[in-house]
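> can't give you the sequence, but here's the structure:
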């Protein structure tokens, strides 16, 4: 598609009629599989095709260059699903096995890559990686831009599965900024899951661009600093993740997305295998903010958590990995229907980071059911009533008795607590490592 070709469909039109049989096999070509190039070559859609693999999706049948190559100012083209609820699964492309990158966007903006399988099959289990990157976005022309190309979308349903590629899962370089990389599953690539290159970058160790003070450096996606994780704990099927943005842009909102991974990459920076959830945080005047987020997700102890930050449509690289630890479970540690009722308001300050100033309050007379309990310390873990977060406060030394405990509907007063082996602190909470 060249020189102003617009409004074309290669593959299924996603209208709900015969969409599963409308895709093309675009493989074994001596050059690129699909080319979309030139100013005015806009609003085309590539959907439901096999690009670089054989007809049953079981083995590579590579195109010698790139699977889908967009360049020269082509804009507003869609590769993958439109997420309208009609035949979305049939609109997914499988773009794997190509000798260069699966998808390349060069000096083109406002394109969307959604819901595709890049480097694997539709089941996600076969290693059919592309020879270079899964997705490569670059502005190589002098003065050119490659901005606002969306990789993923606005919901989890719009994400791509990007795995087993021979270099990075997603690489950005040159003047490629404001390219969101959100809601994807990115794992098992030889290089970094997301690799952002600076103007003169040859790639640092394992391709990681380390955070800088004040986040004033320039490069692809403005080389946005990644979050720094400090704790990950799973208790009673709830995973709690603590961390901070230390050297971020001041007085700025960031969306932090969290991912679970079976393993950590070389260099201790991970990828983003399974999306867990997200939170929105705001830095202070120094560019700092701490966060503590809880998600009702099945995450195993021994797996690894990573995170990205997104601001102004720029998404960072993945953070360093943090291994998930297991907290004590209520079952077997406390009697059934155990609860805690404060005798007066208690401020619990989060101990997720040494600099955290976030606090929450357990309110007088309110019955709270702890999410976890550590018999070694007597600390409890609560869902904070004000912030909706988990209260991880350390006990206050020399505190006076403040709690009445409820077990099976009976009140246990402070002087009776020792009889069931629970130490009383002025701010009971579940300890952090």
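Yes, it's here. The structure displayed is predicted, hence computed values, not measured ones. Residues are numbered from 1 along each chain as shown.

> Poorly predicted segments of the stretch 301-433 of the chain, please.
Flagging of the stretch 301-433 of the chain using pLDDT under 70 yields the residue ranges 327-433.

> average pLDDT across stretch 13-31?
Throughout stretch 13-31, pLDDT has a mean value of 96.

> Need the contact partners of it.
Stretch 13-31 has contacts (CB atoms under 8 Å, 6 or more residues apart in numbering) with 10-12, 33-34, 47-55, 61-65, 67, 81-82, 84, 86-88, 90-91, 93, 97. In this view, the C-beta of every residue, glycine as well, is placed from N, C-alpha and C.

> What of stretch 207-225?
Outside stretch 207-225, the residues that touch it by CB under 8 Å, 6+ apart are 137, 168, 172-179, 191-192, 195-199, 201, 204, 226, 228, 245-250, 267, 269, 287, 309-312, 314-317.

> Give me the subset of the residues you listed that lies in strands.
Assigned to strands by DSSP state E, the following of these qualify: 137, 172-174, 195-196, 228, 245, 309-311, 314-315.

> Of all pairs in the residues you listed, which one is the farthest apart?
By the measure CB to CB, the ones in strands among the contacts of stretch 207-225 have their two most distant members at 174 and 228, which lie 27.1 Å apart.

> who's more crowded, these two?
In this comparison of residue 174 against residue 228, neighbours counted by other CB atoms under 10 Å, the higher total goes to residue 174 at 20 against 17.

> looking at the sheet around that one, what are its partners?
Per DSSP bridges, the residues bridged to residue 174 are residue 139.

> Do I have it right that it meets residue 146?
Yes - under the contact definition of CB atoms under 8 Å, residue 174 touches residue 146, with a separation of 6.9 Å.

> any shared contact partners between the two?
With CB under 8 Å, 6+ apart applied, the overlap between the contact sets of residue 174 and residue 146 consists of 138-139.

> Backbone torsions only: list them for the residue nearest to residue 39 when sequence neighbours are not counted.
Leaving aside its sequence neighbours, residue 39 sits nearest to residue 73 (CB to CB, 6 or more residues apart in numbering; 4.2 Å). Its backbone dihedrals place residue 73 at phi 90, psi 0, with angles given as degrees, to the nearest 10.

> Distance check, residue 73 against residue 185.
Computed as CB to CB, to the nearest Å, the residue 73 to residue 185 distance reads 30 Å.

> which of those two has more neighbours?
Between residue 73 and residue 185, counted using other CB under 10 Å, the more crowded position is residue 185 (22 against 19).

> re the thing from before, please flag which of the contacts of stretch 13-31 sit within strands.
With DSSP E as the criterion, strands contain 10-11, 34, 47, 50-51 from among those.

> Check those for burial and list the buried ones.
Under a neighbour-count criterion of 16 or more other CB atoms under 10 Å, the subset of the ones in strands among the contacts of stretch 13-31 counted as buried comprises 10-11, 34, 47, 50-51.
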